[in-house]
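Undergrad: compute the structure for the input listed below.
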Amino acid sequence: MLRRIQLTLALLVTCLTFAATLSAQTAPEKLRPRNILEALEQINPGEGFVTIIQDPDLRGVIGSAPAPRGSSVLARDGNYSILYGYRVQVFNSNLPNAKSEAYARAEAIRRVAPTLSSYITFRAPFWRLTVGNFTSQEEARAARARLMVALPAWGRESYVVREKVRILNYTEPHASEE
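TA: As a prediction, this is how the structure comes out:
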């Protein structure tokens, strides 16, 4: 008799657990939050509540897929597009002679690789020299490797860095004939 009661109770607990699991899986879609704002604003018994006052346009953006990296043009400058890409940083220093060193290295790179554009920037207190305009990290790594073959002494302080680059949109036909 006691054994029968134990089996009945075990069966009852199993059925109730299964029913609770089944009801949790079939909860209506409207109760599930679509984004973090809805999840925070949901009212649950025994818990506090959050009210978020936000611009409706911003609400529409939250949770949406971001734009692909590197594909969006930030600006146009004549025949060039400005976008995020990669350059090779070959010099960065805050020493008193850093400015002259940056210009000397830029000239050395112009002699070795005349097709690479050089960019010297000053962000206090650092002078920095970057070269090239690459859309992919692989292109920048290959250019760095070519530079390090020609200028091996600079290898330890050169890096591929992500920043805004200028990419030529197109070459005008017959431009070389003029």
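Undergrad: next SSE after the helix or strand of the chain with the lowest mean pLDDT?
TA: The element with the least model confidence among the helices and strands of the chain, by mean pLDDT, DSSP states H and E, is helix 2-25, at a mean of 63. Next along the chain after helix 2-25, taking DSSP states H and E as the criterion, comes helix 36-41.
Undergrad: just checking, next helix/strand downstream of that following helix?
TA: As assigned by DSSP H and E, the chain's next helix or strand after helix 36-41 is helix 56-61.
Undergrad: and the gap between Gly48 and Ala98?
TA: To Ala98, Gly48 is 55 Å away according to Cβ to Cβ, to the nearest Å. C-betas here are computed from N, CA, C, even on glycine.
Undergrad: which of those two has more neighbours?
TA: It is Ala98, of Gly48 and Ala98, that has more neighbours when counted by other Cβ atoms under 10 Å, with 18 against 6.
Undergrad: tell me what the spatially closest residue to that one that is not a sequence neighbour is bridged to.
TA: Spatial nearest neighbour of Ala98, excluding adjacent residues (Cβ to Cβ, 6 or more residues apart in numbering): Trp127 at 4.0 Å. Trp127 has the following beta-bridge partners by DSSP bridges: Ser93, Phe122.
Undergrad: the spatially closest residue to Val112 that is not a sequence neighbour - how many residues pack around it?
TA: In space, not counting the residues next to it along the chain, Val112 is nearest to Ala150; the distance is 4.4 Å by Cβ to Cβ, 6+ apart. Residues lying near Ala150 (other Cβ under 10 Å) number 12.
Undergrad: show the pLDDT at Ala150.
TA: The per-residue pLDDT reported for Ala150 equals 94.
Undergrad: the protein - how does it break down into domains?
TA: Taking automatic domain parsing as the domain assignment, the record places the domains of the chain at 2-61, 75-168.
Undergrad: from the chain's centre, how far out does the longest one sit?
TA: By that I understand domain 75-168. Relative to the centre of its chain, domain 75-168 is centred 21 Å away, using Cα atoms, centre = their mean, to the nearest Å.
Undergrad: run through this structure and note the low-pLDDT ranges.
TA: Screening the chain residue by residue with the criterion pLDDT under 70, one finds the ranges 7, 9-31, 61, 63-71, 170-178.
Undergrad: repeat that for 90
TA: The model of the chain has pLDDT under 90 over residues 1-81, 155, 167-178.
Undergrad: count of residues packed around Phe134?
TA: Applying other Cβ under 10 Å, we find 21 residues neighbouring Phe134.
Undergrad: swap in the one 4 residues further on?
TA: By the criterion of other Cβ under 10 Å, Glu138 has 11 neighbours.
Undergrad: repeat for Gln89
TA: Taking other Cβ under 10 Å as the neighbour definition, Gln89 ends up with a count of 20.
Undergrad: residues touching it, list them.
TA: Shown here is Gln89, whose contacts under the criterion Cβ atoms under 8 Å, 6 or more residues apart in numbering are Arg128, Leu129, Thr130, Ser158, Tyr159, Val160, Val161.
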